[in-house]
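A.B. asks: Got a predicted structure plus its sequence, pasted below:
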Amino acid sequence: MKKLMTSIAALAMTTGYVAAQSAELPPNIERLQSMQSTGVKDFTVVEQTGAYADGIKKTLERIKMPDGFKIELYAIVPDARHIAVGPQGVVTFVGTRKDKVWAVTDRNKDRVADEVKDFAPSLTFTIPNGICFSPDGFLYIAEQNRVLVFPAAEFFYESPDVAVGQVVPQGELIPTDEESFNHTARVCDIGPDGKLYISLGQPHNVTPPDKIQKYMDTGIGGIIRMNTDGTGREVIAQGVRNSVGQDFDPATGDLWFTDNQVDGMGDDIPPGEINHMTEVGLHYGHPWFGGGDTRTNEYKGEEVPVEVTMPASQTVAHAADLGMVFYTGKSFPEKYQGAIFSAQHGSWNRTTPTGARIMVTTVDAEGNATTEPFAEGWIDENGEYLGRPVDVANLRDGSLLVSDDLTGALYRISYEK
Amino acid sequence: MIRTKLLSLGGIFLAGAVAAQTAGDPAEGRKLARQCSTCHGIDGYAKIPIAPHIGGEPANYIASQLTAFREGTRTHEMMSVVAKSLTDQQIADLAAWYSDHKATATLTGDAAGAPEVCVACHGENGIGLAEDVPNLAGETNIYIDTQLKAFRGGKRTHAVMSGIAAGLTDEEIRAAADWYASVKLEIEAAE
C-alpha cells in the first residue's frame, strides 16, 4: 500500500512538471501521461537457459581474479551496456546502444536473474545507453538526444504502460546537426546535490577547430548537469573526448569519470584516463591533448588556450575504459572497500588487442590513484574477444554486476573468505 | 511512380560506378580483415551496433565506401582513421574478402510493410538489388536511421540517396530503419 501511494505521488509530481514543458510530445508519452493505455501489450522476454548460456558459463571459468572471488552468469541481456540497480532491490535496468532498455529481475533472490524483459515497450528509444536511478526511485534514461524520467520504475515496470516524464525533450540535449551513432553512449548519475549529471561524447576522433567553441558552449565533449526537471543546465567539465563512465565518490562527493582517448597515433599512445573532478568547470585537455600529456598531431605545437587538468590515473592505450563505480559494499576484503571498479571494453584496432577486463583503482591518503587489473581472461590465445565488459554496478548484498555487450550478459562477482 | 523514377536513377548511377575497379585477392583481404574484425566480424557479421554488417555486400560498394573514407568524402570517427592508410590494392582485397561471403535475409514481418521508397534498390528484405547498393537486412535500426539523417543533412552524399532522404521525416526514417532492422540476416562464410 505504501509502495502504491509513493508511486501515485511520484506520478502526480511528474505530470505536474511535464505539463510545464512546451515541446510536442510523442503520442505514446502523451497517452501515458494522461494515464491512458497505449494498447501495447507484448513484452520481449529473453530466454535465460540453454546452449547460449552454457557457452558463456564456460568462458567465465577462464576468468582470473584474486583469491576468494568468483564470477557467475547472472542474466542473458542482449547488447547489455550501462546498469542501474533499483534502490529497492527489486529490479535492475540495463541500457543498450540499440533501442531497448531491459528490466532484469531476480525474484527468488538466488542471485541469478529469473526474468529479463524489455522496459516500457510502448515507447520508442534511440540509444538508451545512459541509465541511472535517484535514491528515491526515479529512473532516468539519457538517450541520443532526449532524457526521460520514469517515477517509481521499480513498481511500474511490470506493466507495458509506465509513468513517464520528459526531462529534456527530443532534440534539445544536443543540437540535432551534432547527432551521431558513435560516441553517443551517454552515462548519467544523480549527484549528491540532487542534480542530474550527463556525459556528452564529442563525435570526432579529434575535434576539428571549427567545432571547439560550439562544443565548449554546449557541453559536447564534456559533462553537463541540470536539475531533475531539466532546468538550470550547466556545463561542468570540458575537454573530454568521450566519457562512458562516471560515479560519485561516496566519501567525498567528488565526481570521477573515465575517458576514451584518441585513435590513429600508434598502438601505445595516448593513455586512457580516469579523471577526478575536484571542482566544477575544469578542462581535461581535448583536443589539444589526445590522452594524458600526449599532444594530438592535429594541434601539435599550438599554444593550449586553457588550463588543463591531467588524469588522476592513466591506463593502457586503447583499452577503452568505460563504466566505473565506487565499491560501496562490505563483503569484499578491506583493500577494495571504497575502491573504483571499472570496465575496459577492449581495443578495436590495436595490433595486439588489449583490455576486455575489470580494473580496480585505489586512492591513497595523498590522493594518488593506482589502477591494476582485477578480472581478466576475455581475450583468448588467438587474440579473439570472448567478452567485452562495459559497466560495473553494486548489488545490495556487496557483490558486483558486470555487463558485457559482446556476449549480451550480466555477470555477478562475489567474494567468500 | 516514385519507384520507376528511382530505378532509372539507380541505373544511371550504377553504370558509372562499376567502371575502374582493381582486382582484389580475397586471401590477402582476409589477412587485412583482422583489423576490421573487432567491429565488423571476420565474416562481416557486425559485433557492435554502430558497425554495419558487410559480409556478402557487393565488392563495389565496400570499395567505394573505403575509398570515400580514405578521401574524406565520407567521414566517421573510427573508419576515417583506419581507411587513411589503405592502398587501392588493399581496398580491393578487403572488398574481395568481405563480398565473397553470402548474405541471406529472411523477413520476420509481412512484406507489405516494407518501405516503398526503399524497395526498388534495397529490396523488401534489405538485400541490395544492384552493385553499388548496400544490404540493409538486419542492420541496427539506429545505424540506418543515422545514415538516412546524414544523407538528409548533407554529411553523407550520394546521387540517389541524398534526394530520397531529403524528403523523409524523422518518423519515416525511423520506420524504414525499423523495417530493415527487423529482417533476419545470416552470413554464410566463404571458404
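C.D. replies: Right, received. Where do you want to start?

A.B. asks: what's the span of stretch B:44-52 from first residue to last?
C.D. replies: 8 Å (C-alpha to C-alpha, to the nearest Å).

A.B. asks: Are it and chain A in contact anywhere?
C.D. replies: Yes. Contact of stretch B:44-52 with chain A (C-beta under 8 Å from any C-beta of the partner chain) involves B:47-50. To be clear about C-beta, it is placed using only N, CA and C from the backbone, and glycine gets the same treatment.

A.B. asks: which among these gets closest to B:Val119?
C.D. replies: Among the residues of stretch B:44-52 next to chain A, B:Pro49 lies closest to B:Val119 (C-beta to C-beta), at 24.2 Å.

A.B. asks: one step back: tell me the one among the residues of stretch B:44-52 next to chain A nearest to A:Phe43.
C.D. replies: B:Pro49 (21.2 Å).

A.B. asks: on that earlier part again, looking at the residues of stretch B:44-52 next to chain A, which has the most residues close by?
C.D. replies: Neighbour tally across the residues of stretch B:44-52 next to chain A (other C-beta atoms under 10 Å in any protein chain shown): the maximum, 24 neighbours, falls on B:Pro49.

A.B. asks: so who does that one touch?
C.D. replies: Contacts for B:Pro49 (C-beta atoms under 8 Å, 6 or more residues apart in numbering or on different chains) come out as A:79, A:96-98, A:181, B:140, B:142-143.

A.B. asks: how about a cut-off of 10 Å?
C.D. replies: For B:Pro49, the contact set (C-beta atoms under 10 Å, 6 or more residues apart in numbering or on different chains) comprises A:79, A:81, A:96-99, A:127, A:129, A:181-182, A:185, A:405, B:39, B:139-143.

A.B. asks: Equivalent analysis for A:Asp267, please.
C.D. replies: Counted by C-beta under 10 Å, 6+ apart, A:Asp267 has contacts A:317-318, A:347, A:349-352, A:354.

A.B. asks: 6 Å instead?
C.D. replies: A:350-351 (C-beta atoms under 6 Å, 6 or more residues apart in numbering or on different chains).

A.B. asks: the helices in the chain, which residues?
C.D. replies: Using chain A here. Listed in chain order, the helices of chain A (DSSP state H) span A:2-19, A:27-33, A:51-60, A:153-156, A:212-218.

A.B. asks: switch to chain B, that's the one I care about
C.D. replies: B:2-17, B:26-32, B:37-40, B:59-71, B:79-83, B:88-99, B:116-122, B:141-153, B:161-166, B:170-181.

A.B. asks: quick one: the residue lying closest to A:Gln202 once chain neighbours are set aside from chain B, how far?
C.D. replies: Nearest residue to A:Gln202 in three dimensions, chain neighbours excluded: A:Gly221, at 3.3 Å (C-beta to C-beta, 6 or more residues apart in numbering or on different chains). With distances taken as C-beta to the nearest C-beta, to the nearest Å, A:Gly221 is found 12 Å from chain B.

A.B. asks: And A:Gly221, how far from A:Trp348?
C.D. replies: 20 Å (C-beta to C-beta, to the nearest Å).

A.B. asks: neighbour count winner among those two?
C.D. replies: A side-by-side neighbour count of A:Gly221 and A:Trp348, using other C-beta under 10 Å, places A:Gly221 first with 30 against 23.

A.B. asks: what sits against that one?
C.D. replies: Contacts of A:Gly221 by C-beta under 6 Å, 6+ apart are A:202, A:207, A:215, A:240.

A.B. asks: how about the nearest residue to the residue in the stretch 251-400 of chain A positioned nearest to chain B, chain neighbours excluded?
C.D. replies: Closest to chain B within the stretch 251-400 of chain A is A:Gly264: 3.9 Å, counting by C-beta to the nearest C-beta. Leaving out its chain neighbours, the residue that sits closest to A:Gly264 by C-beta to C-beta, 6+ apart is B:Val81, at 3.9 Å.

A.B. asks: now do A:Glu178
C.D. replies: A:Ile220 (6.1 Å).

A.B. asks: Likewise for A:Phe150?
C.D. replies: A:Leu139 is the one closest to A:Phe150 (C-beta to C-beta, 6+ apart), at 4.3 Å.

A.B. asks: what's the answer for B:Ile54, then?
C.D. replies: B:Gly44 (4.4 Å).

A.B. asks: For A:Lys109, the count of nearby residues, please.
C.D. replies: By other C-beta under 10 Å, the residues close to A:Lys109 number 9.

A.B. asks: how about A:Ile63, what does it touch?
C.D. replies: A:71, A:375, A:377.

A.B. asks: now do 7 Å
C.D. replies: A:71, A:375-377 (C-beta atoms under 7 Å, 6 or more residues apart in numbering or on different chains).

A.B. asks: Of those, which pair is most distant in space?
C.D. replies: A:Ile71 and A:Glu376, at 10.9 Å, using C-beta to C-beta across these.

A.B. asks: more neighbours, those two?
C.D. replies: Set A:Ile71 next to A:Glu376 and count neighbours by other C-beta under 10 Å: A:Ile71 wins out with 21 against 17.

A.B. asks: And that one, how far from A:Lys64?
C.D. replies: For A:Ile71, the distance to A:Lys64 - C-beta to C-beta - is 10 Å.

A.B. asks: Alright, that wraps it up for me.
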